[in-house]
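*Asks:* fold the stuff below for me.
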Amino acid sequence: MGGRGWLVVVAAVAASSGGPGTDYAARCTELLLPAGYNASVFLDDGSLVAKQDGTELAVSELGLEVREVKHQRARGGGKRGTSMGAKFRNFRRETLTMHWDDGTPEGVYSGEVRGLGRTATLTYDGHAFAFRHGDEEVARFVMDSKQHMYIIEPVDDETRASEAYAEAKREAEFMREYADRTGYPWLAFYPRDKPVLNMWPADAVGQTHVVSTPHAHLDASGPVAAEMAFRLTALSHAPAGPRVFLIPELLSAFECRTIVELGTAVVRQSMVGQGGGFQSKTRTSRNGWLKRSSSPLLDHVYKRFGHVLGIDHTLLGPNKNAEELQVVRYDQSQEYAPHHDFSDDGTPEQRFLTLLLYIQLPDAGGATSFPKAFDGRGLQLVPNAGDAILFYNMLPDGNGDDLALHAGMPVKAGQKWVCNLWVWDPHR
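*Replies:* Here you go, the predicted model:
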């Protein structure tokens, strides 16, 4: 990749271990591994199995050692749902407040959009949003699952004749054409190039990549081994769902305990939305941020993350491609309703992947769900403490993946701790 230090590598070169991955190039598409990537990677050929009729295995047939993994609905029992991403462009010059119409006169405050600005939200077909300047309603839109961009029209001739307004009209036309051609809504910034970061292939449920790294688990006395292998097993893939992997034991018990200790000092009420956000009933947890530089342990696990993700670990920082590590605590009954981790904020930079780390399990509940996986049957998962769920928020063409809709389901008993590492493309 010109100028960025990225090396386009056909996957077979990573099979140097001589293990069961010598046919890796035939199994996988191209990888975008960083120059100098020195982890050993191969495909576990034993994971490429199917039923006698040629259909792929169900997630319940993979023999995963997790607390819970299942579909949320019976086969044929549901569609992908009526949830939808929506973009709003404000071509008036004043800041407007946004209100979801819940049937009350005031509605539910859903943030604001600045003059000549934009916002985006996850919503549902048939929901209505009003935009107000003070007490005056200046625009109202009823959501239509076939339309994903809504323009608040300008009231002055200068704005109406501007290139920004013309570009928004071109974007709306592109979004209609893209949806007709692909069957998916375009939810990313427009125009947007393809990702430049590595994306592990997911061609079948159960497909497993194995990454061996010198950045092994830590305990109180230091690394427990000179090298350690981690497995990335595909649980969902396109076109029936998002690209999702389970990574068992990515963190040690000691590392999990340390993160809880560090996180206890920083968690605060969680927010939603752009530009600092606001409190919402859709997200009732508490969260905070841990700096990589604040602990040698965190720096060590970040190097492990880099190898496992196939991304140069030096990019995993707030001035490069990643946010600080978010630590989240859910108490009983707390949850995070279905949402996307990406949004169109007016720039091509976008959250590319989410590495969700389960740090401490609750006594009951607290699953992560992907309600649009498996053509709407959904995927619900409670891994073990130390396990990670990796999913990609972007598609290979640069679009945001609508099917990567996910939720933190209510904790029924006990307390749940997780961490999010968000990696951006092409940079933060």
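
*Asks:* contacts, neighbours, all on C-alpha from now
*Replies:* Will do.

*Asks:* pLDDT at the residue of the chain most remote from its centre, what is it?
*Replies:* In the chain, the residue that sits farthest from the middle, by C-alpha atoms, centre = their mean, is residue 157; the gap is 40.1 Å. Note for residue 157: predicted pLDDT of 98.

*Asks:* need the contact list for it.
*Replies:* By C-alpha atoms under 8 Å, 6 or more residues apart in numbering, the contact list for residue 157 is empty.

*Asks:* what does it show for phi and psi?
*Replies:* phi -70, psi -30 (degrees, to the nearest 10).

*Asks:* so how far is stretch 185-202 from its chain's centroid?
*Replies:* Relative to its chain's centre, stretch 185-202 lies at 12 Å (C-alpha atoms, centre = their mean, to the nearest Å).

*Asks:* in that stretch, which residues are buried?
*Replies:* Judged by neighbour count using 16 or more other C-alpha atoms under 10 Å, the buried positions of stretch 185-202 are 185-190, 195-202.

*Asks:* kindly report the same for stretch 31-40.
*Replies:* By 16+ other C-alpha under 10 Å, the buried positions in stretch 31-40 come out as 31-34, 37, 39-40.

*Asks:* in strands, which of those fall?
*Replies:* residue 40 (DSSP state E).

*Asks:* ok, so of the buried residues of stretch 31-40, who is nearest residue 63?
*Replies:* residue 40 (24.9 Å; C-alpha to C-alpha).

*Asks:* for the helix or strand that contains residue 297, name the packing helices and strands.
*Replies:* Under the criterion of DSSP states H and E, residue 297 resides in helix 296-309. Secondary-structure packing of helix 296-309 (3 or more C-alpha pairs under 8 Å, 6 or more residues apart in numbering; DSSP states H and E): strand 208-213.

*Asks:* and for residue 144, nearest residue in space, chain neighbours not counted?
*Replies:* The shortest distance from residue 144 to any non-neighbouring residue, by C-alpha to C-alpha, 6 or more residues apart in numbering, is to residue 125 (5.2 Å).

*Asks:* looking at that neighbour now. What's its pLDDT?
*Replies:* 94.

*Asks:* my read: it touches residue 148, true?
*Replies:* No: in this structure, residue 125 is not within contact of residue 148 by C-alpha atoms under 8 Å, at 10.3 Å.

*Asks:* list the residues that are in contact with both of the two.
*Replies:* residue 84.

*Asks:* so if I had to pick from those two, which one is more boxed in?
*Replies:* Between residue 125 and residue 148, counting by other C-alpha atoms under 10 Å, residue 148 is the more crowded of the two (20 against 16).

*Asks:* how about the contacts made by that one?
*Replies:* Counting by C-alpha under 8 Å, 6+ apart, residue 148 has contacts 84-87, 175, 185-187.

*Asks:* the helices in the stretch 201-350 of the chain, which residues?
*Replies:* Using DSSP state H, counting those that start in this stretch, the helices of the stretch 201-350 of the chain run over residues 253-264, 296-309.

*Asks:* return the most buried member of these.
*Replies:* The highest mean neighbour count among the helices of the stretch 201-350 of the chain, using mean count of other C-alpha atoms under 10 Å, belongs to helix 296-309: a mean of 20.

*Asks:* still on that earlier bit, what's the distance between the residue farthest from the centre of the chain and residue 165?
*Replies:* 11 Å (C-alpha to C-alpha, to the nearest Å).

*Asks:* do residue 179 as well
*Replies:* Taken as C-alpha to C-alpha, the span from residue 179 to residue 165 is 21 Å.

*Asks:* and what of residue 89?
*Replies:* Relative to residue 165, and taking C-alpha to C-alpha, residue 89 is found at 9 Å.

*Asks:* same thing with residue 243?
*Replies:* Taken as C-alpha to C-alpha, the span from residue 243 to residue 165 is 35 Å.

*Asks:* over to residue 345?
*Replies:* For residue 345, the distance to residue 165 - C-alpha to C-alpha - is 16 Å.

*Asks:* out of the two, which sits in the more crowded spot?
*Replies:* residue 165 (20 against 17).

*Asks:* now do the SS call for the more buried one.
*Replies:* Three-state assignment for residue 165 (DSSP: H, G, I helix; E, B strand; the rest coil): helix.

*Asks:* CA atoms only for stretch 241-259 - export them in CSV, please.
*Replies:* Provided in CSV are the C-alpha atoms of stretch 241-259 (Å, rounded to 0.1, in the frame of the first residue of the first chain):
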residue,chain,number,x,y,z
GLY,A,241,-24.6,-12.0,8.3
PRO,A,242,-21.7,-9.9,9.6
ARG,A,243,-18.1,-11.2,9.7
VAL,A,244,-17.7,-12.4,13.3
PHE,A,245,-15.0,-14.5,15.0
LEU,A,246,-14.6,-16.0,18.5
ILE,A,247,-11.0,-15.8,20.0
PRO,A,248,-10.9,-18.0,23.1
GLU,A,249,-8.5,-17.1,25.9
LEU,A,250,-7.1,-13.9,24.3
LEU,A,251,-6.6,-12.6,27.9
SER,A,252,-5.4,-14.5,30.9
ALA,A,253,-7.2,-14.5,34.3
PHE,A,254,-4.5,-12.3,35.7
GLU,A,255,-4.8,-9.8,32.9
CYS,A,256,-8.6,-9.8,33.3
ARG,A,257,-8.3,-9.1,37.1
THR,A,258,-5.9,-6.3,36.4
ILE,A,259,-8.1,-4.6,33.9
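
*Asks:* show me where the stretch 51-200 of the chain has its helices.
*Replies:* Counting by DSSP H, counting those that start in this stretch, the helices of the stretch 51-200 of the chain are 157-160, 163-182.

*Asks:* just those helices: most buried one?
*Replies:* helix 163-182 (a mean of 14).

*Asks:* now stretch 256-268: average pLDDT?
*Replies:* 94.

*Asks:* now do that stretch: distance to the chain's middle.
*Replies:* 22 Å.

*Asks:* what sits up against that stretch?
*Replies:* So stretch 256-268 is contacted by 286-290, 327-329, 359-360, 385-386, 417 (C-alpha under 8 Å, 6+ apart).

*Asks:* before we move on, back to that, what's the farthest-apart pair in the buried residues of stretch 31-40?
*Replies:* 32 and 40 (14.8 Å).

*Asks:* poorly predicted segments of the chain, please.
*Replies:* 1-29, 76-81, 270-279, 281-283 (pLDDT under 70).

*Asks:* alright, that wraps it up for me.
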